[in-house]
Structure formats: C-alpha cells, structure tokens
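kindly generate the corresponding structure for this input.
(one chain, ligands or ions: 1)
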Amino acid sequence: MSEIEEQQVKKISHLMKGSKYTVCLTGAGVSTASGISDFRTPGKGLWSKVNPIEVTSIQAFQENPARFYQFYRPRIEELQQVSPNQSHHALSQLERAGYLHFLITQNIDCLHKKAGSQRVLEIHGNLDQSICFQCGRKISSRLLLQKIEENDHKIPYCQCGGVFKPDVVLFGEALFNLDEAIDEASKADLFLVAGSSLQVSPANLLPEYSLAQKGNLVIINYMETHLDHKAAVVIHQDVGLFLSALCQYLNLL
Ligand code: CNA
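Sure, this is the predicted structure:
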C-alpha cells in the first residue's frame, strides 16, 4: 500500500469508528472483479455495446420481449456462475464487526447477500427471480431460463399467457423501496459510495440525504463523480483492494 492509500485507510477507519450509523451505497463497480461488466466504464461497460433504452426499458420489454431476452438471457446465465469478490466480503465483514449498519445496492446480482451481508436493500431488484407481467406469478431464474430455452421464439411465457419479466427495475419503472433507502440515507452520519458512477437517478441522490444532515461522504470509485467535491475522502482506486486494506487495518481479516 502506498503512503497516500495508507493515510486514506486511516482516515476512513477513523470516520467509521466515530460514526453512529454508517450506510454504504454500492454500484456495478463492486462486481466487476467477479467478472460482471459495469455499464459505463468506457470501452468495456455494457452501454458501449448497446443502447439501454432500446433493449432494457419497460417499453422494450413490452414491445419486443424476444429482443429484450437476447440481451438479458446471457446476463441471467452469467449470474448463475459468478461468486462474490473481496469487495462483497469486505462489506459483509464490516457489517459483522458493527462498522457498517446498512447497505443499499443498485446491483441486481445478489452478490452482497451471497457474501453474507444481512441488512441489504436491493433498490433495482435482483435477477434471482422473475414475475409474470400479467398475473404476478413468481418463478426462479433457473425456471425462467428453462422456459426461454423451450419456447421457439425464446420468450418465457406464463401459463396465463403473460410474459415473465426479471424482477428488476427497468428504465421507465419506479425504484423498489425508495422511501426506505431515503430513510436510511438520512440517518447516516457516514455515507460510503463504492463502485458507482452516480449517474443513475434517483439512486445518485441518496448521498445528498446524508450530506443534508451533516453526514460525512466517502467515495471509492475509479471515475470521478458529480459529488466528489462534497466528499470528505475520495479514492480513485480499485474498490476491492481498498476495502480489503480497510478491513485489514481494522483487524477484520
Ligand atoms: P456504472 O454507471 O456502470 O458505474 C460503475 C462505476 O464503477 C464506474 O464509474 C467505474 O469507474 C467504477 N468501477 C468499475 N470497476 C471498479 C473497481 N474495480 N474499483 C473501483 N471502481 C470501479 O454503474 P452504477 O452501478 O453506478 O449504475 C447503476 C446501474 C448499473 C444500475 O441500474 C445497476 O442495476 C446496473 N448494473 C448492475 C450490475 C450488477 O448487478 N453487477 C452490472 C451492470 C450494471
């Protein structure tokens, strides 16, 4: 660890020790080390390959479910194979040790729960289950994949005639549990952002609720964000390495 990193680790551990309620908001950047592409890393992010509104909006799902599943099917298949990485493990350790009180994630990959985090709010839902758009019946992603495979047009139909939709928030849909996320963010005297570009609204407004209560903001993300200038500490480094170094410093690993 360089001297600068060590100073930053010390500063954050000091903030954590002094905080009564620490909340972390995570984004796709905590899962890239598990092999899941993020959206906005130039050249590598999923959005450099497709137009999000064309493929993953609620309108796209309703108008052309076959095309929608051409994009989503490989993502659902991929998620059956992936495992949590050091970011997920570090955040789960921080929770167990009492340093982290609540985790809000924009990710739909379930990796925080797989790593053992308990107090997790998935504001964009998760890809573990799907719901019939017509009758509301829920099925596992494993069964969804089977239904896609079995259908000639690769569309997963429900027995009621409706189409199953992954239980995630698509462009054009409201977030899940936004009120609870705002309540949690408002309680936080320390708010950590880990691996998010903070470009997706309204999730990117959550740090502001903590700031409004004079909370301290820490941002760990490769790319700059629109809130960097309001943060007590900004770290443009690998989030997994940094969080692991933090856990080591706190004697958790
Ligand atoms: P984003 O806009 O793609 O931003 C991710 C950020 O993470 C970028 O700014 C990167 O610079 C940064 N980053 C990537 N790898 C690392 C790393 N190892 N260390 C530090 N920083 C890193 O994604 P957001 O989460 O901010 O945007 C919200 C979208 C992305 C939500 O709708 C998610 O549902 C969606 N998404 C989720 C997943 C997932 O579930 N794993 C994957 C891709 C997209």
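
just name the shakiest helix or strand of the protein by mean pLDDT.
Lowest on mean pLDDT, DSSP states H and E among the helices and strands of the chain sits helix 52-56, with a mean of 75.

so after the helix or strand hosting Met16, what's the next helix or strand?
Secondary structure from DSSP states H and E places Met16 in helix 3-18. Next along the chain after helix 3-18, taking DSSP H and E as the criterion, comes strand 22-26.

which other helices and strands contact that next one?
helix 86-96, strand 102-105, helix 178-187, strand 190-194, helix 206-212 (3 or more Cβ pairs under 8 Å, 6 or more residues apart in numbering; DSSP states H and E). Bear in mind the C-beta positions are built from the backbone N, C-alpha and C, glycine included.

partners of the host helix or strand of Leu127 in the sheet?
According to DSSP H and E, Leu127 maps onto strand 125-132. Pairing partners of strand 125-132, with direction, according to DSSP bridges: strand 138-140 (antiparallel), strand 164-168 (antiparallel).

please name the residues that touch Ala231.
Contact partners of Ala231, counting by Cβ atoms under 8 Å, 6 or more residues apart in numbering, are Leu217, Val218, Ile219.

wait, what's in contact with the spatially most central residue of the chain?
Nearest residue to the geometric centre of the chain (Cα atoms, centre = their mean): Asn107, 2.4 Å. Contacts here follow Cβ under 8 Å, 6+ apart; on that basis Asn107 touches Thr26, Gly27, Ala28, Val30, Ser31, Glu122, His124.

need phi/psi at the closest residue to the second one other than its chain neighbours.
Sequence neighbours aside, Ser196 is the residue nearest to Gly27 in space, at 2.7 Å (criterion: Cβ to Cβ, 6 or more residues apart in numbering). As for Ser196, its main-chain torsions (degrees, to the nearest 10) stand at phi -130, psi 140.

and the contacts of Asn107 as TSV, adding pLDDT, distance to the ligand and neighbour count?
Listed next are the contacts of Asn107 as TSV, based on pLDDT from 0 to 100; distance: Cβ to the nearest ligand atom, whole Å; neighbours: other Cβ atoms under 10 Å:
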residue	pLDDT	distance to the ligand	neighbour count
Thr26	98	7	26
Gly27	97	2	26
Ala28	95	4	23
Val30	98	7	32
Ser31	97	4	27
Glu122	97	9	22
His124	95	4	19
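
mind putting the residues you listed into a markdown table with distance to Gly43?
Formatted as a markdown table, the contacts of Asn107 follow (distance: Cβ to Cβ, whole Å):
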| residue | distance to Gly43 |
| --- | --- |
| Thr26 | 22 |
| Gly27 | 18 |
| Ala28 | 15 |
| Val30 | 20 |
| Ser31 | 18 |
| Glu122 | 28 |
| His124 | 24 |
